[in-house]
Structure formats: C-alpha cells, structure tokens
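A.B. asks: Here is my input; please provide its structure:
(2 chains)
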Number of protein chains: 2
Amino acid sequence: MKKLGTFFLKATKGLAIKEVVSINGQIDSKAAISVFDRGFLYGDSVYEVTLTYNKIPFLLDEHLDRLYRSARSIHMEFSFSREELIKDINNVIEKLEGDRQYIRVIVTRGAGEINLDPSAATKNNLVIIGRNLPEYPISWYEKGVSMIITDILRNSKRSMDPGVKSGNYLNNVLAMAEAKEKKAFDAIMLNYKGNITEGTTSNIWIVEGSRFVTPPLDAGLLGGITRKTLLLIASKNNLSVSEENISPERLKAADECFLTSSTKEIVPIISVDDCPIGTGTPGPHTKSLHKIYKKFVQESLKK
Amino acid sequence: MKKLGTFFLKATKGLAIKEVVSINGQIDSKAAISVFDRGFLYGDSVYEVTLTYNKIPFLLDEHLDRLYRSARSIHMEFSFSREELIKDINNVIEKLEGDRQYIRVIVTRGAGEINLDPSAATKNNLVIIGRNLPEYPISWYEKGVSMIITDILRNSKRSMDPGVKSGNYLNNVLAMAEAKEKKAFDAIMLNYKGNITEGTTSNIWIVEGSRFVTPPLDAGLLGGITRKTLLLIASKNNLSVSEENISPERLKAADECFLTSSTKEIVPIISVDDCPIGTGTPGPHTKSLHKIYKKFVQESLKK
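C.D. replies: Below is the predicted model:
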C-alpha cells in the first residue's frame, strides 16, 4: 500500500477492505481533516494504537484509560462520551475485513482561530484509522533486531511529558531517522541523567540472569500497556521482575534485551550500537516470556 | 470569524475575502489535508508566519531562509523549488483582499505508511494559509501586557531544538494555557538552567538603563526575524544592545521589558508574575525602539 493520502476504504474489484477511516463517527472516504485543526497546526492531539486479535481490540479499556489520562494531562476535554468512542471504534473494526487490525484513535482539540490558546477550539475531532495489519516478519522474532542508542534525548517530563501519548512525535521521528540511517531497527532514547527511557514506539527491557528489568515510569517514558501487562503476568508466573534505572553500560552488559509494544508484542534485541547483547541471539528468557504473553492473550480472548 | 474548520475562502455577499488556503499550489476551498499526513500524525512539519504590509510579505527572504534551516534540521527535503514556493505565497496574497495579511506557510513531510521512519513519505504537502489580520488592540501597545513565568520548561536543544519552527508546539500550547488560566497575556518559558528562553510565540527583551538585552540563541529559543532585525537596527542607531543570559530575577529587576514577534512587532510587558517591571507602564526605550522599527519597516517597503 504505497499510495496513501488520497486512497482509503480500498474495496475495489472484490479485494478485501484494507483501510477504513472514521471522522467524528462517520466513515469518511476522503479521510481528510481541516488544516485549521490544532492536531495539524501544533500536534495538539492525543492518540492510542491497539491491535485486534480475532477482530477484538486487545485491552481496549486500558488503552482508553490511557487516552483519557493523556487528554487530562494536556487539559483536553472530550466532546463525546466513552460509549460513543467505543461504538465508533467497533464500527471501524466491523467495516474492515481481517482478524488482525491496527486501530489508531486520534483525538484533536479541534479547529479554531490560529492561536496557541487551547480555548480557541471547542469541539474535538475524533479520527479513527483502521488498517489490516499483516503479520510482522518472522525474522524479527526468530533472529532478533539491532538497535542504536541515539544522542537525541527523550523529551523531559518537565517540558513535554513522554507519558502523554500526543501528536508531538518529532523527537521520536528524528531518533528513528538516525536509526534508519545506521541501518538499525530502531533507536533507544536516554533521559537527561543518561539512563534508558524507551524506544521510539516501544518499551525496553533487559534480562540479568533470570531477572527481568525495565526502566521506571519516572525515567520519563510512556507507560506501555504491554509493559504493564508483562509486569503483572511475570509476577503471577513467579518470574523475578523489577523497575530500575538502566544505564547504557548496564544494558550492553545484560544477558538478554528486548522491546515491547502493543502491536509488536515482544521483539528480541540482539545488539545495541553494534555491541552484541549476551550471546548475540534471542535469549531463552525473552522467548519464554513471549510464550507466556501469547498464552495470556489467548486466554483473555476466551473471556 | 468563529466558525472555522469547514469555512474558508469567505467571499459571500460581496464581503471581502478574509481567508485563502492553498494546498500544493492550488487554492483549495476545502482546506483539508489527509489524516495520513505526517504533519497531522506526528507534527512532522515546519512552518513560518509572516505579516504583509501593503500586501508585501515583510522580510520574506529571511523567513524562507529560516524555513529551509528548520527543514534541514529535521532532515526534510522539499519536493518544490523556492521559486514555486514564492509563487504560491504571492498567489494567496493576491487572492486575499486587504493590505495587512497573516501568511502561514506549512510544509509537511507528506503522507505515507503510518511509521515514524521519515522515508515512509516522499512528497511534501505545502499548505499556505492567508488571512486578513485586523490591527491588534491598541491597548497592547499603549498600556502594555502582563506575563507569567511558567514552570513548564521550554524543550531542550538536545531533545527538540526550539530553533526549529516545527509542528510540535504542544510544549508552548501548555504554557499558553497556563497563562490564560492566570489571566495573563502569555507565558515566558525557562530553560533547564533556569534562564529565560522566549515567550510561546515571541522573543523577550529587557532594558537596563538604556541598554537592550535579549537571551542568546544558545539559551534554546527560536531566532526571531524581528529579534534579528532589532539587533541590527539598534546597533545602526547607536543603541547599546547585547545577547546575555537573563534570570527571572534579573528580568523582574529590569527597567523595562518587552516582547517581539513578526506579527505583533514590539509589545511592552508591564508585569511578570504580578511583579511590576520598572514603573509598571510601557517604558520610553521600548516605545522609542518601536518607532525606530516602524520607520525601518516603512523604509524597507519603499525599496
């Protein structure tokens, strides 16, 4: 799907619908938004991405809770109810074919006078993008991926809190650009103290012996839903798990390393800045945790 | 003009056209952009705002130079020439009635796969918004305005350089929201060292005795075109002018204070955090500099 921007709701010639966009509750074949929308002008928006399994948006409540938290952090109120939001999401999922869907929910502060003052806009724009998501390359999981640590520091909590999932992602875009230039899968970003925060759209974990460690929220990162889920299910499975600050040196000396995200689940990291992690292959604890996670997903879907 | 977002190119019933939007060289009555545009998804865009005097965009070359610098900083190339860009800007200015126009030029990285990797998009979207700009309230200039210093720190140069005029403005939106909540005109933002950087869309100056002082670029701020112009013309007029770090205490102890911007020119600041600056009225050096600036504008237009 290369030609985007003007094409969506692709259902030509009997092909499955691969993309559906809903704007303010209406399936919108133009998938366009006013240039006066503050999401476009300033990145004045919040968003969530969830993955469906068997057409069921996984941990939707958790994602919506975070969406509302993000909105509160930037003093944004929603001009629609949570029930309306869920209805619109389900409408997009229904319209799309395929069990495995990428669902992006974007809420902007709306359009208004061109003026930073948030009160210039009064009515949100709610954009839901649904797309069929092909399975990610199996090599990511079987062979692992290589990362870099970028010099671009993650936004500080005192400026633009990374805990807010907002439309201001240029910080991460630049980190990703550096990773791609260096032929890496993604970049790991540090905070002002020099500790690991997160990947550009993922959380980072290490394994030391049989102990799982991930940076604490106050390192300045997005509290990932998969991160939170793993902290819970690891404990339930009597795995040793802890939130601790991780320096780049500690990360590079770890036995295993991996990233987590709602869409990618658990991806082994086998090298950082060309330095192999552990054996330089996906580690047994990483694989084992991924199995536990997949089992948890399947059990959750049965409920 | 309250009803935005779906209304533009307003030329009904013989009224003057108050708003014109051009997208990729075409006057676009829909003024809408794809939700897959990276400007909308990530704030992955750069922009400039210039004011026209007598329908002439003031210091356009300086603004375009800065637009290209901003783009280079985020590794964005333009899929159009500078000549085409100028032609499109002039087209918008011609279509709009009125001598005093607000011209906003936005260049996004374009639409593409939903993926932080900038290479996902290959063709920019160029959006030019032109609007009639009524004169600002005379009270701003005659009575001065009140500011706050916000606890929200300006993004650091090491994360998201404020010297890049990008679509990531939520940091400033939040500062402005705090200012409005406290009934102030705008907020002054500090850097990590606790020194003044800038207002949310302006540069900040103080006067000590007869000496003009503004923070240096490396404090982490946007190099304003009006700021640069004033540094030049102040020197030419044998005024003492200097770029120095300014702490909040120094600012509050100054004899005069003012802000500068391309659209607002020079606005006296008479109090900060409810602390009067100098006499608590617009100062003589501020007024005098504004006269010199206005004279410079008029002389530039004659050339």
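A.B. asks: per-residue confidence at the closest residue to chain B within the stretch 51-200 of chain A?
C.D. replies: Using Cβ to the nearest Cβ, the single residue of the stretch 51-200 of chain A nearest to chain B is residue A:111, 3.1 Å away. Placement of C-beta: from N, CA and C, glycine included. Looking at residue A:111, its pLDDT is 96.
A.B. asks: repeat for residue A:2
C.D. replies: Predicted confidence (pLDDT) for residue A:2: 37.
A.B. asks: next one: residue A:90
C.D. replies: For residue A:90, the model assigns a pLDDT of 98.
A.B. asks: Check which helix or strand it maps to.
C.D. replies: With elements taken from DSSP states H and E, the one containing residue A:90 is helix A:82-95.
A.B. asks: What separation do you get for residue A:61 and residue A:67?
C.D. replies: For residue A:61, the distance to residue A:67 equals 11 Å [Cβ to Cβ, to the nearest Å].
A.B. asks: who has more neighbours, those two?
C.D. replies: More neighbours surround residue A:67 than the other of residue A:61 and residue A:67, with 21 against 11 (other Cβ atoms under 10 Å in any protein chain shown).
A.B. asks: which other residues reach the host helix or strand of residue A:129?
C.D. replies: Here residue A:129 sits within strand A:125-132, counting by DSSP H and E. For strand A:125-132, contacts defined as Cβ atoms under 8 Å, 6 or more residues apart in numbering or on different chains pick out A:16-25, A:31, A:33-34, A:37, A:39, A:78, A:80, A:85, A:88-89, A:92-93, A:95-98, A:100-108, A:110-111, B:35-36, B:114.
A.B. asks: Now, of those, which are buried?
C.D. replies: With neighbours counted by 16 or more other Cβ atoms under 10 Å in any protein chain shown, the contacts of strand A:125-132 contain buried members at A:17-24, A:31, A:33-34, A:37, A:39, A:85, A:88-89, A:92-93, A:95-96, A:98, A:101-108, A:110-111, B:35-36, B:114.
A.B. asks: Could you pick out which of those are located in helices?
C.D. replies: A:39, A:85, A:88-89, A:92-93, A:95 (DSSP state H).
A.B. asks: With distance to residue B:262 as extra columns, can I get those residues in TSV?
C.D. replies: Output for those, formatted as TSV (distance: Cβ to Cβ, whole Å):
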residue	distance to residue B:262
A:39	24
A:85	39
A:88	40
A:89	42
A:92	42
A:93	46
A:95	46
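A.B. asks: where in the stretch 1-150 of chain A is pLDDT low?
C.D. replies: Within the stretch 1-150 of chain A, the segments meeting pLDDT under 70 span A:1-17.
A.B. asks: Please list the residues of it that sit near chain B.
C.D. replies: A:1, A:4-6, A:21, A:23, A:30-44, A:74-75, A:102, A:104, A:106, A:110-114, A:116-119, A:127, A:129, A:131 (Cβ under 8 Å from any Cβ of the partner chain).
A.B. asks: which residues in chain A form helices?
C.D. replies: Shown for chain A, the helices assigned by DSSP H span residues A:38-42, A:60-73, A:82-95, A:138-143, A:170-181, A:225-236, A:248-252, A:284-302.
A.B. asks: Among those helices, which comes closest to residue A:187?
C.D. replies: Among the helices of chain A, the nearest to residue A:187 by Cβ to Cβ is helix A:170-181 (4.0 Å).
A.B. asks: for that closest one, which positions count as buried?
C.D. replies: Those would be A:170-180, for helix A:170-181 by 16+ other Cβ under 10 Å.
A.B. asks: Dump those residues into a markdown table; add distance to residue B:154 and pLDDT as well.
C.D. replies: Output for the buried residues of helix A:170-181, formatted as a markdown table (distance: Cβ to Cβ, whole Å; pLDDT from 0 to 100):
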| residue | distance to residue B:154 | pLDDT |
| --- | --- | --- |
| A:170 | 15 | 97 |
| A:171 | 14 | 98 |
| A:172 | 19 | 98 |
| A:173 | 19 | 98 |
| A:174 | 17 | 98 |
| A:175 | 20 | 98 |
| A:176 | 23 | 98 |
| A:177 | 23 | 97 |
| A:178 | 23 | 98 |
| A:179 | 26 | 98 |
| A:180 | 28 | 97 |
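A.B. asks: list the buried ones in the strand holding residue A:129?
C.D. replies: Buried residues in strand A:125-132, counted by 16+ other Cβ under 10 Å: A:125-132.
A.B. asks: quick one on the thing from earlier: show me which of the buried residues of helix A:170-181 neighbour chain B.
C.D. replies: With respect to chain B, and counting by Cβ under 8 Å from any Cβ, the subset of the buried residues of helix A:170-181 in contact is A:170-174, A:176-177, A:180.
A.B. asks: quick one, phi/psi of residue A:59?
C.D. replies: Backbone geometry at residue A:59, expressed as degrees, to the nearest 10, gives phi 50, psi 40.
A.B. asks: For it, list the residues it contacts.
C.D. replies: A:50, A:225, A:229, A:262, A:300 are the contacts of residue A:59 under Cβ under 8 Å, 6+ apart.
A.B. asks: And for residue A:207?
C.D. replies: The contact partners of residue A:207, by Cβ under 8 Å, 6+ apart, come to A:213, A:254-258, A:283, A:285-286.
A.B. asks: 7 Å instead, please
C.D. replies: A:254-256, A:283, A:285-286 (Cβ atoms under 7 Å, 6 or more residues apart in numbering or on different chains).
A.B. asks: Which of the residues you listed sits closest to residue A:202?
C.D. replies: Checking the contacts of residue A:207 one by one against residue A:202 (Cβ to Cβ), the nearest turns out to be residue A:286, at 13.6 Å.
A.B. asks: what number of residues lie near that closest one?
C.D. replies: Using other Cβ under 10 Å: residue A:286 sits among 25 other residues.
A.B. asks: same check, this time on residue A:224
C.D. replies: Close neighbours of residue A:224, defined as other Cβ under 10 Å, add up to 24.
A.B. asks: hang on, isn't it packed against residue A:203?
C.D. replies: Yes - in terms of Cβ atoms under 7 Å, residue A:224 counts as a neighbour of residue A:203; the distance is 4.3 Å.
A.B. asks: Overlap of the contact sets of these two?
C.D. replies: Residues touching both residue A:224 and residue A:203 (Cβ under 7 Å, 6+ apart): residue A:260.
A.B. asks: closest to residue B:192 among the ones next to chain B among the buried residues of helix A:170-181?
C.D. replies: For these, the nearest to residue B:192 is residue A:171 (15.5 Å; Cβ to Cβ).
A.B. asks: if I pick that closest one, what's in contact with it?
C.D. replies: Residues near residue A:171 by Cβ under 7 Å, 6+ apart: A:152, A:154-155, B:159-160.
A.B. asks: Strands of the stretch 101-250 of chain A, residue ranges please.
C.D. replies: A:101-108, A:125-132, A:145-149, A:186-190, A:196-199, A:203-208, A:211-214, A:240-243 (DSSP state E, counting those that start in this stretch).
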